[in-house]
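In: Everything below, folded, please.
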Amino acid sequence: MQNKASSSQTENASVFLLFLFLSQMELQTETMKEETQTREEEGQLGQKAGIKRRHEEDEISPSKKQVLDHSVKVASHYNQLQEVGLAARSRSRIFFMRNFNNWLKSILIGEILEQVREAGSQEVSVLDLGCGKGGDLQKWRRGGIDHLVCADIAGVSVEQCQVRYEEMKRKSFRNEKIFTAEFITADCAKVHLHHTAQWFYYIYSNI
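Out: Okay, here's the model as predicted:
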């Protein structure tokens, strides 16, 4: 009976994670649509096509070139997004969708962490794919996790996430335990994060 209960909890957690992932993807899609309406995307993103050296491009197949160009465009889009204040965000047409998404993530994160701990895990490590600028750092803080790996294709966003983490630690209470963190800039769909981490991550201890 205990094995069946554990299996059921694992299945429920998987469903919650899938739903959370799909919800996050929908929000990111709407955000991209909103931002690209205010800029001439073709002109700005086209400048990124010359990143690779000419002889390297000649050695890459057309299909691989297309994938690389797509990755560059996605990273470029998020790197160019400007940080806006609460007043500006409140005027966004997806303001209420953002609020609902954040509330939903808070609920799901809390429920899943509870199930993980009920399964016997003493320490909880989380891999946050597509971490963005670190909007979920406070959610993980409230969840009391032990370690967080933040990975995103946009280097500027990862840097901002790192700054948020450092600021969160600086403002925390003296006796409060804040999770350690790693920050990785990579295309998570193509790069093995285990190998990437040894070059790009930053680990912050609680000392």
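In: can you map out the strands along the protein?
Out: Secondary structure of the chain (DSSP state E): strands located at 125-129, 147-152, 180-185.
In: Residues contacting the shortest one, please?
Out: Yep, that's strand 125-129 we're talking about. Residues from elsewhere that reach strand 125-129 (Cβ atoms under 8 Å, 6 or more residues apart in numbering): 136, 140, 145, 146, 147, 148, 149, 150, 151, 152, 188, 193. Every C-beta, even on glycine, is put in place using the N, C-alpha and C of the backbone.
In: what's the closest of the strands of the chain to residue 70?
Out: Closest to residue 70 of the strands of the chain, according to Cβ to Cβ: strand 147-152, at 15.7 Å.
In: Show me what that closest one is packed against.
Out: In this structure, strand 147-152 packs against strand 125-129, helix 155-170, strand 180-185, helix 193-200, with contacts taken as 3 or more Cβ pairs under 8 Å, 6 or more residues apart in numbering; DSSP states H and E.
In: ok, that strand: who's next to it in the sheet?
Out: strand 125-129 (parallel), strand 180-185 (parallel) (DSSP bridges).
In: Go through the contacts of strand 125-129 and name the one nearest residue 98.
Out: Nearest to residue 98 among the contacts of strand 125-129: residue 136, at 12.6 Å, using Cβ to Cβ.
In: in terms of contact, does that closest one touch residue 105 like I think?
Out: Yes - the pair residue 136 / residue 105 is scored as a contact, 6.6 Å apart, by Cβ atoms under 8 Å.
In: Can you report how many residues neighbour residue 112?
Out: The tally of other residues near residue 112 (other Cβ atoms under 10 Å) stands at 20.
In: and if you look at residue 163?
Out: 13.
In: Quick check: pLDDT value at it.
Out: Note on residue 163: pLDDT of 96.
In: Kindly report the same for residue 185.
Out: As predicted, residue 185 sits at a pLDDT of 92.
In: how many neighbours does the closest residue to it other than its chain neighbours have?
Out: Counting by Cβ to Cβ, 6 or more residues apart in numbering, the nearest residue to residue 185 once its immediate chain neighbours are dropped is residue 155, at 4.3 Å. Residue 155: 15 surrounding residues under other Cβ under 10 Å.
In: Per-residue pLDDT of residue 155, please?
Out: The model reports residue 155 with a pLDDT of 91.
In: Could you do residue 194 as well?
Out: 70.
In: Can you get me a residue count around it?
Out: 7.
In: Check the gap between it and residue 127 for me.
Out: 11 Å (Cβ to Cβ, to the nearest Å).
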